[in-house]
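Undergrad: one predicted model, sequence on top.
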Amino acid sequence: MPTPIVVIGSLNYDLVACGPRIPVVGETLVGRRFFEEPGGKGANQAYAAARLGGRVKMLGRVGDDIYGRRMRDNLAAAGCDVSGLLEIRDCTSGIALIFVGDDGANSIIIVPGANDRFLPADVAAQAEALAGAGIVLLQLENPLETVAAAALAARRAGARVVLDPAPARALPDHLLAAVDVLTPNETEAAILAGRPPARLAPAEAEPIARELRRRGAGAVVVKLGEQGCLLDAGGAPQLLPAPRVAAVDTTAAGDVFNAALAVGLSEGLDLAGACRFANRAAALSVTRLGAQACAPARGEVESFAAGA
Ligand code: ATP
Ligand code: RIB
């Protein structure tokens with residue numbers, strides 16, 4: 001029986017414009033397509049984990065608007081327990097404005113709304129939701145003190161803490177020390193190391209992962225886009241390649257990766273096995289548009305693995 005997964009994190013309603021490329025400063029482009037859908041890193045991870053067969057509960061905050069209700073309904077339809085999602089009165093839900101270019105790359109501005117009203121005391125008030133949790137998934141779209149409180153509460157409850165340090169920001173060592181698996185992408189890894197955001201070769205990711213472990217993280221998985229991921233769990237670092245696919249939209253690839261990582265761990269896979277499963281699920285996700293719409297079902301990942 002897989003152990004339960006609890007996601008403590010953000011929900012944003014995504015408004016997405018697809019165009020030939022992402023505009024430069026001051027430029028106006030004519031887009032090819034617009035769509036809207038539930039998103040947010042926390043909700044994307046919860047939704048994708050449920051689609052992959054995880055037993056998922058989410059704690060988070062939405063505004064008292066139509067977006068909040070749609071986001072809750074979408075998670076519930078995927079099979080998530082949404083009893084820990086609370087509505088804040090007179091507050092807007094989180095919103096994300098997303099541009100997607102023809103090459104699948106994206107750029108995003110988020111307006112946190114209710115996500116910023118999820119406070120450390122709220123985590124304490126909902127701590128009973130962590131009883132029996134095997135894995136707790138965290139991201140950085142809520143206040144940093146809330147994320148730190150959630151990591152400590154998860155540790156106290158005996159769960160493994162997986163932190164996706166996105167959107168990128170510097171992190172204190174006391175938070176890293178409460179994290180079992182830290183999963184930066186390339187730019188987040190660079191920023192955590194105090195370097196300008198940049199794409200990284202696996203050889204450049206290795207010393208950063210080592211340093212993040214020295215600062216307290218139990219293991220580090222650097223997500224390297226089409227290169228797959230680099231796993232440093234204390235022994236020799238392993239580069240685990242992603243399957244080759246034609247990318248259409250990389251939005252939420254990192255979220256699907258973390259969701260699959262959690263599902264793999266909750267089913268008893270070791271970290272390398274869970275990373276391989278996550279590479280397959282995330283590679284499938286980039287072949288589709290959207291943040292939650294792109295999340296593959298368990299059977300799709302299994303057929304993909306069998307054909308790979
Ligand atoms: P996002 O912020 O858009 O959610 P991310 O930048 O956090 O994503 P990436 O490193 O781009 O994360 O991708 C996460 C994972 O998705 C990779 O580790 C890999 O497994 C898979 N992936 C991403 N892009 C591709 C691709 N072009 N081909 C195959 N797999 C990919
Ligand atoms: O990781 C993708 C997500 O980032 C989007 O759904 C958007 O809401 C932002 O939070």
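TA: That came in fine, so what should we check first? Ligands and ions are numbered 1, 2, ... in the order given.
Undergrad: what's the average pLDDT for the helix or strand hosting residue 191?
TA: Assessed by DSSP states H and E, residue 191 sits inside helix 186-192. Averaged across helix 186-192, pLDDT comes to 95.
Undergrad: stretch 163-171 now?
TA: Stretch 163-171 carries an average pLDDT of 95.
Undergrad: equivalent analysis for stretch 300-308, please.
TA: 81.
Undergrad: could I get the buried residue list for it?
TA: 301, 304 (16 or more other Cβ atoms under 10 Å). C-beta: built from backbone N, CA, C; applies to glycine.
Undergrad: could you do stretch 126-139 as well?
TA: For stretch 126-139, using 16+ other Cβ under 10 Å, the buried residues are 126-127, 129-130, 133-139.
Undergrad: quick one: secondary structure of the residue of the stretch 151-300 of the chain found nearest ligand 2?
TA: For the stretch 151-300 of the chain and ligand 2, the shortest gap (Cβ to the nearest ligand atom) falls at residue 291, measuring 3.5 Å. When classified by DSSP: H, G, I helix; E, B strand; the rest coil, residue 291 comes out as coil.
Undergrad: confidence score at it?
TA: We note a pLDDT of 94 for residue 291 in this prediction.
Undergrad: next, count neighbours for it.
TA: If you count neighbours by other Cβ atoms under 10 Å, residue 291 ends up with 29.
Undergrad: before we move on, what about residue 23?
TA: Residue 23 has 15 neighbours, counted by other Cβ under 10 Å.
Undergrad: I'd say it and residue 29 touch.
TA: Yes: taking Cβ atoms under 8 Å as the definition, residue 23 is a contact partner of residue 29 at 4.9 Å.
Undergrad: so for stretch 235-244, what gets flagged as buried?
TA: By neighbour count on 16+ other Cβ under 10 Å, the buried set for stretch 235-244 is 237-238, 240, 242-243.
Undergrad: can you map out the helices along the stretch 51-200 of the chain?
TA: Using DSSP state H, counting those that start in this stretch, the helices found in the stretch 51-200 of the chain span residues 66-77, 120-125, 144-156, 173-176, 186-192.
Undergrad: now those helices in TSV, with mean neighbour count and distance to residue 261?
TA: Shown next, in TSV, are the helices of the stretch 51-200 of the chain (neighbours: other Cβ atoms under 10 Å; distance: least, Cβ to Cβ, whole Å):
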stretch	mean neighbour count	distance to residue 261
helix 66-77	19	19
helix 120-125	16	22
helix 144-156	20	15
helix 173-176	17	18
helix 186-192	22	15
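Undergrad: re earlier: for the buried residues of stretch 126-139, give me a markdown table that also has distance to residue 189 and pLDDT.
TA: Converted to a markdown table, the buried residues of stretch 126-139 look like this (distance: Cβ to Cβ, whole Å; pLDDT from 0 to 100):
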| residue | distance to residue 189 | pLDDT |
| --- | --- | --- |
| 126 | 31 | 97 |
| 127 | 31 | 96 |
| 129 | 30 | 97 |
| 130 | 28 | 97 |
| 133 | 27 | 97 |
| 134 | 26 | 98 |
| 135 | 22 | 98 |
| 136 | 21 | 98 |
| 137 | 18 | 98 |
| 138 | 17 | 98 |
| 139 | 15 | 98 |
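Undergrad: need those residues in a markdown table (columns: distance to ligand 1).
TA: What follows is the buried residues of stretch 126-139, written out as a markdown table (distance: Cβ to the nearest ligand atom, whole Å):
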| residue | distance to ligand 1 |
| --- | --- |
| 126 | 26 |
| 127 | 28 |
| 129 | 25 |
| 130 | 25 |
| 133 | 23 |
| 134 | 22 |
| 135 | 18 |
| 136 | 19 |
| 137 | 14 |
| 138 | 14 |
| 139 | 10 |
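Undergrad: and of those, the nearest to residue 252?
TA: Among those, residue 139 lies closest to residue 252 (Cβ to Cβ), at 11.5 Å.
Undergrad: what number of residues lie near the closest residue in space to the closest one that isn't next to it in sequence?
TA: Computed as Cβ to Cβ, 6 or more residues apart in numbering, the closest residue to residue 139 that is not its neighbour in sequence is residue 41, at 4.1 Å. By other Cβ under 10 Å, 30 other residues sit near residue 41.
Undergrad: can you list phi and psi of residue 41 for me?
TA: Per-residue torsions, residue 41: phi -60, psi -40 (degrees, to the nearest 10).
Undergrad: so who does it touch?
TA: Counting by Cβ atoms under 8 Å, 6 or more residues apart in numbering, residue 41 touches 9-10, 139-141, 164, 166, 252, 254-255.
Undergrad: quick check, nearest of those to ligand 1?
TA: For the contacts of residue 41, the nearest to ligand 1 is residue 254 (2.3 Å; Cβ to the nearest ligand atom).
Undergrad: on the three-state scheme, that closest one is what?
TA: Under the three-state scheme (three-state DSSP), residue 254 adopts helix.
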